[in-house]
Structure formats: structure tokens, C-alpha cells
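Participant: what would the 3D arrangement of this be:
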Amino acid sequence: MIAVIATGGKQYLVKPGETVKIEKIAGDKGQTVEFDKVLLVAEEDGSKVQVGTPNLSIPVTGEILEQGRADKIEIVHYKAKVRYKKRSGHRQPFTKVKIVKIG
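Facilitator: Next up is the predicted model:
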């Protein structure tokens, strides 16, 4: 089975046993998390498609594997001829989740 879930303002296509790196959600390593915003559920070959209007009542269950922060990206602001240069960085927090079951 495959499912499309919405979390953190993004949509993810997930399968059981797959690990997904999503926007940070609350919880500790080893805890289970349930995704309620399920937009689509179907079989692997594309049959038995169920589309939500807007969501389905089929839960997707996952297990938190890791809470972390991504690699640093560097932000540089520069204006020519006015001696203006500003540098900063950002590390986006994430949660790595293993999908346990769909439905």
C-alpha cells in the first residue's frame, strides 16, 4: 500500500517500512506518531485508489527514529559599491520517521 500524507505544510508519498525526513514534530526517539491528514491511499500497482475530500479517516502510523538539524546553509546579503555585506547561517530542524503501517 502507498499513501500521501500532509505534515508541516508539505505532502509525502509513503510506503510501510520506508523512512521519511519531515518537518520537526513533537516527540522523542522511539515514540509512535499518527498522521491524520491522509490525502490518498492506494495499492502499489495503482488499483483500489481512495481519494479524500479533503482527508481520509485511515490513519498512517510511524515511529520516530531521530530528531535533528540539517546541514548549515549560508545566507549572504551583498550590495555592490556601498560596502555592505552581511553573512548568516541557518540549520532547519527535522524529524526522521519510519512508517510502520497504513490503515
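Participant: got the contact list for stretch 69-87?
Facilitator: 88, 89, 90, 91, 92, 93, 94 (Cβ atoms under 8 Å, 6 or more residues apart in numbering). C-beta here means a position set from N, CA and C on the backbone, and glycine is covered the same way.
Participant: let me see the contact set for the last one.
Facilitator: Pointing back at residue 94 there. Contacts of residue 94 (Cβ under 8 Å, 6+ apart): 21, 22, 23, 24, 67, 68, 69, 70.
Participant: hmm, the second one is touching residue 95, no?
Facilitator: Yes - in this structure residue 22 lies within contact range of residue 95 using Cβ atoms under 8 Å: 5.6 Å.
Participant: so who does residue 58 touch?
Facilitator: 3, 38, 41, 50, 102, 103.
Participant: picking that back up, ok, and the most crowded of the contacts of residue 94?
Facilitator: Greatest neighbour count in those, by other Cβ atoms under 10 Å, goes to residue 22: 18 neighbours.
Participant: tell me the first helix or strand C-terminal of the host helix or strand of that one.
Facilitator: Per DSSP states H and E, residue 22 falls inside strand 19-23. Next in sequence after strand 19-23, counting helices and strands by DSSP H and E, comes strand 32-35.
Participant: that next one pairs with which strands, and in what direction?
Facilitator: Sheet pairing for strand 32-35, assigned by DSSP bridges, gives strand 60-69 (antiparallel).
Participant: find the least confident helix or strand in this structure, judged by mean pLDDT.
Facilitator: One helix or strand of the chain scores below all others by mean pLDDT, DSSP states H and E: strand 50-56, with a mean of 90.
Participant: just the element for the residue in the chain sticking out farthest from the centre, please.
Facilitator: With distances taken as Cα atoms, centre = their mean, the residue sitting farthest from the centre of the chain turns out to be residue 81, at 42.1 Å. In this assignment (DSSP H and E), residue 81 forms part of neither any helix nor any strand.
Participant: can you give me the distance of residue 1 to residue 49?
Facilitator: Noted for residue 1: a distance of 11 Å to residue 49, by Cβ to Cβ, to the nearest Å.
Participant: center of this structure, which residue is that?
Facilitator: Nearest to the mean C-alpha position of the chain, by Cα atoms, centre = their mean, lies residue 22 at 2.4 Å.
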